[in-house]
Each structure stands twice: as structure tokens, then as C-alpha cells.
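Participant: sequence first, predicted coordinates after that:
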Amino acid sequence: MLVTINMEELTVTYPVPYYAQIASPELAVRVFAGELDPLLDPRWHETGAKNVETYAHWVERACGMACLKMCVEALGGPEKSLHSWIEEGVKAGAYLVRNNADGSQTEIGWIHQKIADMAAAVGLSAKCMAADTGQIITALREDKLVIASVSFELGTDFPITHEGGHLVVIWGAEMNDGQVTRFILNNPSGRAEQYRQGARIPFERFMQAFTGRVILVYR
């Protein structure tokens, strides 16, 4: 008996540029593993940072603005440097740092609604929501980009141990008989090359890292 498998590759209809949160993506493995000080990144100035100290501070925190930059430029919005977005995000209160009673601080990270507001400020539409697989696929079919909250481990060969704390841009999916087998995404912190632009992440691994929260960005 011949079994026919209906395979489909679904992507948005426009190119999505790739931007890393690190100036030299080839150094990502060493920098994010703590083996190389980001102060030594020779390309730091390409991010638009005012000085190397500022660059080094944000290199592990810039995922939200790198994702926003990718989405805005993909959809025809203004081209700004990564650190221009970071500066605007900080001014807008998009990066949350909580002051604790003992005088210490806890970094919460990028606030999804604030990222959506920043997209809206340059003429795009954006919506924060909880989303399952079906809703992500529907968004892609509607030519919308999906910024998804995942674990940074998605961009490594490590086992997935937790959800959230990092953002990636989903712009496609592979499907067999209507079931997602892989998501196609741009990961601004991808350690190895295969986990950066157009990374194809198995569905089961993605779901282990995914919080269920997304930001849809579209025209």
C-alpha cells in the first residue's frame, strides 16, 4: 500500500534580514560561554554602541532589540543600528530592571508590550498574545512575523532545561500532512552557524523551550 505524505514548507513572502546581538557572530560560542570577554570583540562599533563598555554590557541582553530590528526592516520600516534600538527601548521602559528591598537589582528583561509599542511607533502593527502551534502557523499564512519567547538553549546543542528568557523571530515552518516538523527562525544569539539565520529547529525541541508567548509583527 502506497502512503502519500503531503510535505509543505511555509514561509512569509518577503526576505527577513538577520542581525545578531553580538557584533562578531563567529565569536558567539566563546563569548556566551564566558571564555572571551566581549570587550575584545573587534567589530563592536558596528552595532552603533557609543563605546565598547556599553556594547559589552548589552551583548547578552540585546535579543529583544535584535528581533525588533529584523522585523522592522523585513517589513519596510526604518533602518537603525542595534544600539539605536536599544537606546530607544531603554528610554521607553522596554527593558525592566526591578529594584529589590536589599538594594540589589533583578533584571527581568524585555517587556513584550513595549516591544510591540516600538513597532507601532514606526508604522507597523504588533500584537502580544499567548499562542499555540496552530496560531503560529495561522500568523505565518497571514504573512506575519512571530517573535517567540524561548530558552537561549534553542541556539545550542545543549539539552533544553527551561522555557523563556530569550527571543527569536519565526518566519517559516516545515510540515508533514499539516503537522509542524520544524520551525524556521532567526536566532540573534545562535552559537553555531546552523542556529543563526534560517535555523531549522525540530518541533519537539522548540516546544520544550517555548513559553507560549509571542509578539506578532505585520503590516
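Facilitator: Good, I have the coordinates.

Participant: so where's this structure shaky on pLDDT?
Facilitator: 1-5 (pLDDT under 70).

Participant: show me where it has helices.
Facilitator: Secondary structure of the chain (DSSP state H): helices at 28-32, 52-58, 63-74, 82-91, 112-121, 133-141, 203-209.

Participant: deepest in the core, which of those is it.
Facilitator: Sort these by mean neighbour count, taking mean count of other Cβ atoms under 10 Å, and helix 63-74 sits at the top with a mean of 25. From N, CA and C alone the C-beta is placed, and that goes for glycine too.

Participant: dump the residue contacts of the most centrally placed residue in the chain.
Facilitator: Nearest to the mean C-alpha position of the chain, by Cα atoms, centre = their mean, lies residue 168 at 2.2 Å. Neighbouring residues of residue 168 by Cβ atoms under 8 Å, 6 or more residues apart in numbering: 63, 67, 147-148, 150, 154-155, 185-188.

Participant: what subset of those is buried?
Facilitator: Neighbour counting with 16 or more other Cβ atoms under 10 Å marks 63, 67, 147-148, 150, 154-155, 185-188 as buried within the contacts of residue 168.

Participant: need those in JSON lines with distance to residue 174, can you?
Facilitator: Formatted as JSON lines, the buried ones among the contacts of residue 168 follow (distance: Cβ to Cβ, whole Å):
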{"residue": "63", "distance to residue 174": "24"}
{"residue": "67", "distance to residue 174": "21"}
{"residue": "147", "distance to residue 174": "20"}
{"residue": "148", "distance to residue 174": "16"}
{"residue": "150", "distance to residue 174": "18"}
{"residue": "154", "distance to residue 174": "16"}
{"residue": "155", "distance to residue 174": "18"}
{"residue": "185", "distance to residue 174": "12"}
{"residue": "186", "distance to residue 174": "16"}
{"residue": "187", "distance to residue 174": "16"}
{"residue": "188", "distance to residue 174": "21"}
